[in-house]
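Chemist: One predicted model, sequence on top.
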Amino acid sequence: MKRAILAVGLTLALYPACHPRKPKQQHDSVADFTAPAAPGKEEKWVEPEPESPKPAPKPAPPPEPTSPAPEEALGFKFGKNKSDASRRCSKLGTWSKRGQSYTCSKAIEGASIPGKPLVSFCDDQLCAVGVAIEVEGEYDAWSARFEELKQALVALHGPPTVDTLTVPDTCKKEGFVKCLEDGTASAEATWKWKDGHRVTLTMSKKKSAEGPPAIRFVSVVNG
């Protein structure tokens with residue numbers, strides 16, 4: 001029995017000697033080496049072209065009116081002569097000349113904006129109508145009236161082509177009228193048609209001559 005155990009132990013001891021372990025393969029860095037290219041065939045370095053800056057997106061075009069150009073304003077029809085305009089005025093008010101234009105002492109019946117309309121003629125045809133609205137009070141009263149008139153025009157013609165508002169915080173209290181007088185505060189909404197017609201609502205000082213600040217509505221053919 002002892003001889004058998006001794007024989008097995010001797011066999012196991014001799015087994016590694018008879019079957020040696022395979023050595024681990026080592027990574028040969030020489031095999032990864034790439035021979036240099038032949039003279040004249042070297043790979044040339046090409047510097048990449050710098051990326052050109054992307055062009056800035058074009059600004060969206062201003063909105064166009066959603067309605068046809070007005071055929072009338074404040075009760076007067078464009079293209080009519082002075083006689084027709086004076087007859088419309090004389091139903092309620094007095095027709096009189098004012099510089100190169102004419103004025104009616106009262107609003108025409110059914111006019112969307114109250115006030116004394118001022119009309120102008122081009123080649124004896126009515127081509128412009130306007131009215132000035134003076135507001136009592138300060139910023140809140142002026143702002144509310146301007147916004148009321150503007151929204152009425154938006155309902156007729158869609159968003160304005162030009163829409164600007166300049167009112168510093170220092171003007172949003174007492175002294176707003178003074179800000180209008182010196183030009184610190186102003187507002188404008190204008191609708192422009194391709195045929196040249198223009199409707200403008202402004203809140204500012206009078207630009208063409210002396211006069212108090214006002215909210216002014218003007219509708220002009222080929223303006």
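Modeler: Okay, I see it.

Chemist: make it CA atoms for all contacts and neighbour counts henceforth
Modeler: Will do.

Chemist: if you count residues, which helix in the protein comes out on top?
Modeler: helix 139-157 (DSSP state H).

Chemist: Determine the next helix or strand in the C-terminal direction from that one.
Modeler: Next helix or strand after helix 139-157 toward the C-terminus (DSSP states H and E): strand 162-166.

Chemist: The next helix or strand after that next one packs against which elements?
Modeler: Counting by DSSP H and E, the next helix or strand C-terminal to strand 162-166 is helix 176-181. Applying 3 or more CA pairs under 8 Å, 6 or more residues apart in numbering; DSSP states H and E, one finds that helix 176-181 contacts strand 198-204.

Chemist: tell me the contacts of Gln151?
Modeler: Applying CA atoms under 8 Å, 6 or more residues apart in numbering, we find Gln151 in contact with no residue.

Chemist: do that again at 10 Å, thanks
Modeler: Contact analysis of Gln151 by CA atoms under 10 Å, 6 or more residues apart in numbering lists 157-159.

Chemist: now, which of the residues you listed sits nearest Gly183?
Modeler: The nearest member of these to Gly183, counting by CA to CA, is Pro159 at 25.0 Å.

Chemist: Need phi/psi at the nearest residue to Arg198 once chain neighbours are set aside.
Modeler: Leaving aside its sequence neighbours, Arg198 sits nearest to Lys192 (CA to CA, 6 or more residues apart in numbering; 4.7 Å). In terms of degrees, to the nearest 10, the main-chain angles of Lys192 are phi -120, psi 130.

Chemist: Tell me the spacing between Lys192 and Ser105.
Modeler: For Lys192, the distance to Ser105 (CA to CA, to the nearest Å) stands at 29 Å.

Chemist: Give me the more crowded residue out of the two.
Modeler: Using other CA atoms under 10 Å as the criterion, Lys192 and Ser105 rank with Lys192 on top: 22 against 16.

Chemist: Spit out the contact partners of that one.
Modeler: By CA under 10 Å, 6+ apart, the contact list for Lys192 reads 62-65, 69, 157, 160-162, 198-200, 220, 222-223.

Chemist: what's the answer for Asn81, then?
Modeler: 121-127.

Chemist: at 6 Å what do you get?
Modeler: Counting by CA atoms under 6 Å, 6 or more residues apart in numbering, Asn81 makes contact with 124-125.

Chemist: Output stretch 67-87 as CSV, restricted to C-alpha atoms.
Modeler: Provided in CSV are the C-alpha atoms of stretch 67-87 (Å, rounded to 0.1, in the frame of the first residue of the first chain):
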residue,chain,number,x,y,z
SER,A,67,-56.8,93.9,-45.6
PRO,A,68,-57.0,95.8,-48.9
ALA,A,69,-55.9,99.4,-48.9
PRO,A,70,-58.6,101.6,-47.4
GLU,A,71,-61.0,103.3,-49.8
GLU,A,72,-62.1,105.8,-47.2
ALA,A,73,-61.2,107.2,-43.8
LEU,A,74,-63.1,109.2,-41.2
GLY,A,75,-66.2,109.4,-43.4
PHE,A,76,-64.4,110.7,-46.5
LYS,A,77,-63.8,108.7,-49.7
PHE,A,78,-60.5,108.8,-51.4
GLY,A,79,-60.5,110.1,-55.0
LYS,A,80,-63.5,112.4,-54.5
ASN,A,81,-63.2,116.1,-55.3
LYS,A,82,-63.4,119.1,-53.0
SER,A,83,-67.1,119.7,-53.7
ASP,A,84,-68.1,116.2,-52.6
ALA,A,85,-65.9,116.5,-49.4
SER,A,86,-67.3,119.9,-48.5
ARG,A,87,-70.9,118.6,-48.9
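
Chemist: I'm done for today, thanks for sticking with me.
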